[in-house]
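Peer 1: no sequence for this one, just the structure:
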């Protein structure tokens, strides 16, 4: 078998990344032993992929490639781990088979094309049009230039020392500050892996995070990605510029699904230790009741002492539907009362977060990304970053 493997320089190639959709990994298996043989090949794959028309087939007798098509079912790092090759013996009575280990990874990314178009529309409507901070007098904190004072300008804009030096009133012009540090922290623990409308919450959070990363990078800010469950997982480091969006996408594909409980204390303490300047920390998470959220509230309270914290929550459509459903049986009444109680407990936690100075957005899962972009633009315009 060792000699046979050496004579089988078979290879498997796949695109390094792709969206949730079609992937096309061609398999190449040349002939061996100096004589052409008819080979059959099969490829091993993981559960994130589904074959469209089989996992293998016959290769040409003189060598060649076999093109296969797979559908990417879930976001993440998909893999092709092995290649089976077999051929008939000299008299056609037996099959010879070898298994060749392969290590081909494909980053399956969420489809953000439609969200990107919506993000560009939001940019064009805001003070960050065309991805740059728009120069508007009186807006922002970063000094831009001096200009002649015009009637209607605020008195605080007048630079009295330079006005006295030049013998005329001069006003300071500011712009919205760039180079803010934006951290996208995604909880990938057990609660975030529950489905909402057939899609896990963590996938919807990743899509919203990528949308906001695209906007922030075009706006001149620094962006970093961080994920956690029982312990910190992905940490990308801060990057700048639109070309860096590809790297953020690849790191987002590494955020896996977890069945572990989220440890907010360890995750947020680790994150805070990495931040050497004031940052906007956007946390995508979920919680059930005030008791389970107690440790989270304590840690977030320490985080808000230095940073601006924004919580992104998805509305629990299932609980809201149960609470609003007209009861027809005693069981319906019990379900409605229980759902209403859980919703009230959720609002208690949200209220405590806001008392700590945390900004909280509770949006429909289909509007999570646009709602985050709108708040991000608002925070920049209000000079809160």
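Peer 2: On my side now, so go ahead. Computed from a predicted structure; not experimentally measured.

Peer 1: Paired strands for the longest strand seen in the chain, with orientation please.
Peer 2: Under DSSP state E, the strand in the chain containing the largest number of residues is strand 95-109. Next to strand 95-109 in the sheet, as set by DSSP bridges, lie strand 17-19 (parallel), strand 76-88 (antiparallel).

Peer 1: need the longest helix for the chain.
Peer 2: helix 330-355 (DSSP state H).

Peer 1: mind checking which helix or strand residue 282 is in?
Peer 2: Using DSSP states H and E, the element containing residue 282 is strand 279-284.

Peer 1: Figure out how far that strand is from the centre of its chain.
Peer 2: 13 Å (CA atoms, centre = their mean, to the nearest Å).

Peer 1: Residue 196 against residue 204, yeah?
Peer 2: Yes - the criterion here is CB atoms under 8 Å, and residue 196 meets it with residue 204 at 6.5 Å. In this view, the C-beta of every residue, glycine as well, is placed from N, C-alpha and C.

Peer 1: shared neighbours of those two, anything?
Peer 2: Residues touching both residue 196 and residue 204 (CB atoms under 8 Å, 6 or more residues apart in numbering): 314, 365.

Peer 1: does residue 322 sit in a helix, a strand or a coil?
Peer 2: Put simply, residue 322 is helix when judged by DSSP: H, G, I helix; E, B strand; the rest coil.

Peer 1: pretty sure it contacts residue 333?
Peer 2: No - using CB under 8 Å, residue 322 is not in contact with residue 333, being 10.9 Å away.

Peer 1: ok, the residue sitting nearest the centre point of the chain - contacts?
Peer 2: For the chain, the residue nearest the mean C-alpha position is residue 206 (2.7 Å; CA atoms, centre = their mean). Residues in contact with residue 206, defined by CB under 8 Å, 6+ apart, are 75, 110, 186, 252, 255.

Peer 1: What of residue 324?
Peer 2: residue 336.

Peer 1: I'd like the distance between it and residue 313.
Peer 2: Using CB to CB, to the nearest Å, residue 324 is found at 19 Å from residue 313.

Peer 1: same question, residue 150
Peer 2: 44 Å.

Peer 1: go on, residue 183?
Peer 2: 17 Å.

Peer 1: Can you give me the end-to-end span of stretch 233-244?
Peer 2: 20 Å (CA to CA, to the nearest Å).

Peer 1: cool, stretch 86-98 as well?
Peer 2: OK, stretch 86-98 end separation, CA to CA: 6 Å.

Peer 1: And the average pLDDT for it is what?
Peer 2: Averaging pLDDT along stretch 86-98 yields 82.

Peer 1: Could you check that stretch and say which residues are buried?
Peer 2: Neighbour counts over stretch 86-98 (16 or more other CB atoms under 10 Å) mark 87, 98 as buried.

Peer 1: neighbour-wise, which of residue 183 and residue 313 wins?
Peer 2: Taking neighbours as other CB atoms under 10 Å, residue 183 and residue 313 compare with residue 183 leading, 24 against 21.

Peer 1: Tell me the secondary structure of that one, please.
Peer 2: Applying three-state DSSP: residue 183 is strand.

Peer 1: In contact with the nearest residue to it once chain neighbours are set aside, which residues?
Peer 2: Of all residues not flanking residue 183 in the chain, residue 281 sits nearest, at 4.7 Å (CB to CB, 6 or more residues apart in numbering). Counting by CB under 8 Å, 6+ apart, residue 281 makes contact with 183, 185, 271, 275, 303, 307, 308, 309, 310.

Peer 1: give me phi/psi at the third one?
Peer 2: According to degrees, to the nearest 10, the main-chain angles of residue 271 amount to phi -60, psi -50.

Peer 1: picking that back up, now do the same for the residue nearest to the centre of the chain: helix, strand or coil?
Peer 2: helix.

Peer 1: Mind checking what helix or strand follows the worst-scoring helix or strand of the chain on mean pLDDT in sequence?
Peer 2: The weakest-scoring helix or strand in the chain, judged by mean pLDDT, DSSP states H and E, is helix 2-6 (a mean of 46). Scanning forward in sequence from helix 2-6 by DSSP H and E, the next helix or strand is strand 11-12.

Peer 1: so what does that following strand touch, helix or strand wise?
Peer 2: strand 26-29 (3 or more CB pairs under 8 Å, 6 or more residues apart in numbering; DSSP states H and E).

Peer 1: Run the chain-centre distance for the longest strand of the chain.
Peer 2: 28 Å.

Peer 1: Can you show me the helices along the stretch 101-250 of the chain?
Peer 2: For the stretch 101-250 of the chain, the helices defined by DSSP state H, counting those that start in this stretch cover 113-125, 160-166, 201-218, 245-253.

Peer 1: mind putting these in CSV, distance to residue 65 and mean pLDDT included?
Peer 2: Converted to CSV, the helices of the stretch 101-250 of the chain look like this (distance: least, CB to CB, whole Å; pLDDT from 0 to 100):
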stretch, distance to residue 65, mean pLDDT
helix 113-125, 30, 69
helix 160-166, 71, 79
helix 201-218, 33, 91
helix 245-253, 26, 90
